[in-house]
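Student: Pasting the sequence and the predicted model now:
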4 protein chains.
Amino acid sequence: VNILFVGDIFGSAGRRIVAEHIGHVLESNAIDLCVINGENAAGGFGITPSIADDIFDLGADVITTGNHFWDKKELLDYLKVPADSHGRPRRILRPANFAPKTPGFGVYESALPTGQPYAVVNLQGRVFMQQNDDPFRKADEMLASIKAKVILVDFHAEASSEKVAMGWYLDGRVTAVLGTHTHIPTADERVLPGGTAFQTDVGMSGPYDSVIGVEKEAVIERFLTGQPAKFEAAKGNPKMCAAVIECDGATGRAYRIKRVMLGE
Amino acid sequence: VNILFVGDIFGSAGRRIVAEHIGHVLESNAIDLCVINGENAAGGFGITPSIADDIFDLGADVITTGNHFWDKKELLDYLKVPADSHGRPRRILRPANFAPKTPGFGVYESALPTGQPYAVVNLQGRVFMQQNDDPFRKADEMLASIKAKVILVDFHAEASSEKVAMGWYLDGRVTAVLGTHTHIPTADERVLPGGTAFQTDVGMSGPYDSVIGVEKEAVIERFLTGQPAKFEAAKGNPKMCAAVIECDGATGRAYRIKRVMLGE
Amino acid sequence: VNILFVGDIFGSAGRRIVAEHIGHVLESNAIDLCVINGENAAGGFGITPSIADDIFDLGADVITTGNHFWDKKELLDYLKVPADSHGRPRRILRPANFAPKTPGFGVYESALPTGQPYAVVNLQGRVFMQQNDDPFRKADEMLASIKAKVILVDFHAEASSEKVAMGWYLDGRVTAVLGTHTHIPTADERVLPGGTAFQTDVGMSGPYDSVIGVEKEAVIERFLTGQPAKFEAAKGNPKMCAAVIECDGATGRAYRIKRVMLGE
Amino acid sequence: VNILFVGDIFGSAGRRIVAEHIGHVLESNAIDLCVINGENAAGGFGITPSIADDIFDLGADVITTGNHFWDKKELLDYLKVPADSHGRPRRILRPANFAPKTPGFGVYESALPTGQPYAVVNLQGRVFMQQNDDPFRKADEMLASIKAKVILVDFHAEASSEKVAMGWYLDGRVTAVLGTHTHIPTADERVLPGGTAFQTDVGMSGPYDSVIGVEKEAVIERFLTGQPAKFEAAKGNPKMCAAVIECDGATGRAYRIKRVMLGE
Ligand SMILES: [Fe+2]
Ligand SMILES: [Fe+2]
Ligand SMILES: [Fe+2]
Ligand SMILES: [Fe+2]
Ligand SMILES: [Fe+2]
Ligand SMILES: [Fe+2]
Ligand SMILES: [Fe+2]
Ligand SMILES: [Fe+2]
């Protein structure tokens, strides 16, 4: 089973660069399952149902999010669908360790057209981030009820320590633990000894002539003055950052992870 | 001018893997200036004068540090040397934006045997880290008095946003801005438009079968229980992570940055 | 039912000043139930079984703790007793929203000699503190299984917002929500409209010629230099800070809260 | 010299309760100098020039602020006046340790109608707050150039440790160090041995049936769900919280501090 995971799509530049490359990436890697983190797809801040549709149209089977989940209020109602439904709203995940009342779900389980079962899990870290439930314990809980062997985890977290710890914690229990949120790809992709593909951060799919997606002048001004400023999505130098994972469908163990970075 | 910058050496495994590779790296890249971050060289926590000597013996011209600067008390006295001295104690830097009273210096300026002037600057970030002086303003202050054109900046920081912002802020004013501290190399090395080589994090030179250098079991246990635990340096799967920068000695502008990751 | 709650005992000076005054306070207020936060009783850092014994000997029925729970390793084994036991180890609480594996318990339920049932709950905040489970949801869970009407909650937290929010959240459901951890008593004690006595922070029972219990010179030096320093418990100007709550035993609703601050 | 310092005025309820009581407080305490923290005067978020006028009309000689300084953009231009001016814009302070470029000033020095010189200093803490310059070093710098002996410091900070440390640090060098920002008054007001009046937090002048000024339902909902919510200023149970300090005009040393809390 070949899986493509695309890192945080940031604004229109991110959507455009992914649209430009994804067809070729899906085809040349014979991708069976495509998961895209879309938490910054709407101008850098959140995702709307309509932009989610665009991302599904690009080929995403499941869309994950993160701390920007809350940014677009219209999404929250859109996600109020039954747990056992399979339409697009059900395929947009939010971190599973958000408060239980949060709209939406943190895991999606289904099967590929070939009949291959799979699950996608979205979790968020706690170090240097908002207060949430323990993602490690939450992972244990979820894995206890997931039946699929092929399981992809998007761990949306800030601290490298927490992300690497999660990789080791889930090694041998899931197909891949892929970090998101720092918006910079790391060069440490590997298959851990237990057969779990890991990368600390897949990196943003967005404009790299920026400060993690945002117009750099505004961010620098804020660092210099402390004055809150309106942050606009940058446009320059877009790159699609992603990971391609190959795994055994029967066991769910990965045997290869490849880093992808494609620009103009 | 060819520069080698080696990311945070972590414990004995890190010292050993750097010792194994550095001779070849220095030679094959015709390195003129070698800077090594040694903040975790002593068992993962700080650096002692004696371990600093070992690192100088490996070929370092200057050693930088970071938040672990304080870990070995004997270092603090060792660094009490005149600002205009050039011995080894003067070549061990601590972040320049620590409080003014802090022992040691945050910049070292000298010339290569060829007569080529250079400076090394050590700064630390503030986002998700200890309280320190503003590193952006501090950089401005320092650059106003540095005469060399070839200037390498080790920006020891946690947040990708702060590191990327510093890269842009200093673009065209220094030779390289190289991030350290997260202990995971990033795959975003590039020469910015103004001629400054940049990489969000060079990555640790240490044991990668670990959680950012530390025995993984202890860190995972701490995440699971919240109980403080003794952290020991791991040994497994050591890698040397570094960046090689080529620049014009007259202008100080970089024209190439190459990521290096060497294991057993 | 009359309840005495004594704020964080800090070091030997705190133990001494409480010993000096508590007999009189217990008697003059006809106290039925005495709860003492002892997280800093051992030299400012944690509590040992032996120091806990001293505090029980002073009249405490239950001892609560907080983030310093982990400081004395010998305590952790001491607390491994059955949930339905009633000996002293069972009467030393740690925040209930620590990870489930944590030794000890976060609630103690029993009855006074008069037959009056009561419960003591220990919770810790999350804002500006370590990562723990949601204290609000945890409170709901615990209240669902507590049978007593007289319920005292020690909410060990940093942020005034989180503490005040907890007071309102539990108003009408518990007898008192008393804040600890900042080591400074607040002057906002009141009975909320639903009948819950509240004080944002009861304040430390310890040496006030200090920085929240610690020798002030060391703390100031740390603020000035950033250098980690050994913190010693101060001795000067000890005060016992406490709250006296009067409530209806049948309903558990408080009708009075009185702030107590007693020095030499 | 008698000084009145009023804690953070929060919204219209805060402005109203201060208006109701301040005349009597000024008169009965024969106040010579009146300083009011107004950072939350405009609906809880910042202060406008027009609301500042209202507060000056109530009798304030100087208005201090804090982290909410940035909330009303119109204030920033209003404060662009010469350092040696004495009009109302010059009498609205922002923390002195904000970045140097920040509009406005962090100290105001003048004389009472009696000819008595005085200065008001506004500083902000760094623990659990935004990154700013070191307030301790900044205080040293400012005191070196202030000529007045009567000096009132509003230290706007979150952590009790940082506030208490500042009190001790400035003891004997200023007339009073008064904490603001937690919005809850502390019961630890005292004159320190060197003659500096101190109170960890003066408390908010605003609606106490709230979570530190904000409608409590919204704040509780946010703690429960993590969902960002619009925060509205509450109205219920307003109280004016303040401190009255008596000092010697010649030496600037305080000999008395009295806590004030006045409701409906
Ligand atoms: Fe993102
Ligand atoms: Fe994110
Ligand atoms: Fe490091
Ligand atoms: Fe570091
Ligand atoms: Fe405490
Ligand atoms: Fe505490
Ligand atoms: Fe305020
Ligand atoms: Fe504030």
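Tutor: Sure, I can see it. Here the structure is a predicted model, which is why all the values come from computation and not from measurement. Ligands and ions are numbered 1, 2, ... in the order given.
Student: I'd say A:Gly249 and A:Ala148 touch.
Tutor: No - the criterion here is Cβ atoms under 8 Å, and A:Gly249 misses it with A:Ala148 at 9.7 Å. For every residue, glycine as well, the C-beta is placed using N, CA and C.
Student: tell me the contacts of the closest residue to ligand 3 within the stretch 101-250 of chain A?
Tutor: Here the residue of the stretch 101-250 of chain A nearest ligand 3 is A:Ser160; by Cβ to the ion that distance is 10.4 Å. For A:Ser160, the contact set (Cβ atoms under 8 Å, 6 or more residues apart in numbering or on different chains) comprises A:186, A:200, B:182-184, B:212.
Student: Same question for A:Val177.
Tutor: Here A:Val177 is in contact with A:153, A:155, A:163, A:166-167, A:170-171, A:196-198 (criterion: Cβ under 8 Å, 6+ apart).
Student: Among the contacts of A:Ser160, name the buried ones.
Tutor: Neighbour-count burial within the contacts of A:Ser160 applies to A:186, A:200, B:182-184, B:212; the criterion is 16 or more other Cβ atoms under 10 Å in any protein chain shown.
Student: Filter these down to just the ones in helices.
Tutor: Within the buried ones among the contacts of A:Ser160, no residue falls in helices by DSSP state H.
Student: quick one: which of those residues is nearest ligand 7?
Tutor: Ligand 7 lies nearest to B:Thr182 out of those, by Cβ to the ion, at 34.5 Å.
Student: Does that closest one touch B:Val211 like I think?
Tutor: No - judged on Cβ under 8 Å, B:Thr182 makes no contact with B:Val211 at a distance of 11.8 Å.
Student: list residues touching both of these two?
Tutor: Counting by Cβ under 8 Å, 6+ apart, nothing touches both B:Thr182 and B:Val211.
Student: Let me see the ranges of the helices in the stretch 1-150 of chain A.
Tutor: A:11-28, A:49-57, A:73-78, A:135-145 (DSSP state H, counting those that start in this stretch).
Student: So which bits of chain A are right by ligand 6?
Tutor: By Cβ under 5 Å from the ion, no residue of chain A approaches ligand 6.
Student: separation between the most centrally placed residue in chain A and ligand 6?
Tutor: Residue closest to the average C-alpha location in chain A (Cα atoms, centre = their mean): A:Asn37, at 3.3 Å. Using Cβ to the ion, to the nearest Å, A:Asn37 is found at 37 Å from ligand 6.
Student: In chain A, what residue comes closest to ligand 5?
Tutor: For chain A, Cβ to the ion, closest residue to ligand 5: A:Gln131, 20.6 Å.
Student: Pull the contacting residues for that residue.
Tutor: C:126-127, C:131, C:134, D:226.
Student: Just the buried subset of these, please.
Tutor: Buried subset of the contacts of A:Gln131 (neighbour count, 16+ other Cβ under 10 Å): C:126-127, C:131, C:134, D:226.
Student: Just want the phi and psi numbers for the residue of chain A most remote from its centre.
Tutor: Distance to the chain centre peaks in chain A at A:Thr225, reaching 32.4 Å (criterion: Cα atoms, centre = their mean). Torsion angles at A:Thr225 (phi, psi; degrees, to the nearest 10) stand at phi -110, psi -20.
Student: Wait, it touches D:Pro103, no?
Tutor: No - using Cβ under 8 Å, A:Thr225 makes no contact with D:Pro103, being 9.6 Å away.
Student: quick one: contacts for the residue farthest from the centre of chain A?
Tutor: Applying Cβ under 8 Å, 6+ apart to A:Thr225 gives the contacts D:99, D:101-102.
Student: Show me where the stretch 1-150 of chain A has its strands.
Tutor: Assigned by DSSP state E, counting those that start in this stretch, the stretch 1-150 of chain A shows strands spanning A:2-6, A:33-37, A:62-64, A:107-111, A:117-124, A:150-156.
Student: Quick one, which of the ones you listed gets closest to D:Gly44.
Tutor: With Cβ to Cβ as the criterion, D:Gly44 lies closest to strand A:117-124 of the strands of the stretch 1-150 of chain A, at 29.0 Å.
Student: by contact count, what packs against the closest one?
Tutor: strand A:62-64, strand A:107-111, helix A:135-145, strand A:150-156 (3 or more Cβ pairs under 8 Å, 6 or more residues apart in numbering or on different chains; DSSP states H and E).
Student: Now do it: distance to the chain's middle.
Tutor: Distance, stretch centre to chain centre, for strand A:117-124: 10 Å (Cα atoms, centre = their mean, to the nearest Å).
Student: And stretch A:9-21, by the same measure?
Tutor: Centroid separation for stretch A:9-21 versus its chain: 14 Å, with Cα atoms, centre = their mean.
Student: Return the set of buried residues in it.
Tutor: Neighbour-count burial for stretch A:9-21, counted by 16+ other Cβ under 10 Å, picks out A:9-19, A:21.
Student: from the residues you listed, which single one is nearest chain C?
Tutor: Nearest to chain C out of the buried residues of stretch A:9-21 is A:Phe10 (Cβ to the nearest Cβ; 27.4 Å).
Student: In space, what's closest to the closest one - neighbours in sequence excluded?
Tutor: A:Gly206 (2.7 Å; Cβ to Cβ, 6 or more residues apart in numbering or on different chains).
Student: my guess is the one you found contacts A:Gly14, does it?
Tutor: Yes - under the criterion of Cβ under 8 Å, A:Gly206 makes contact with A:Gly14 at 3.6 Å.
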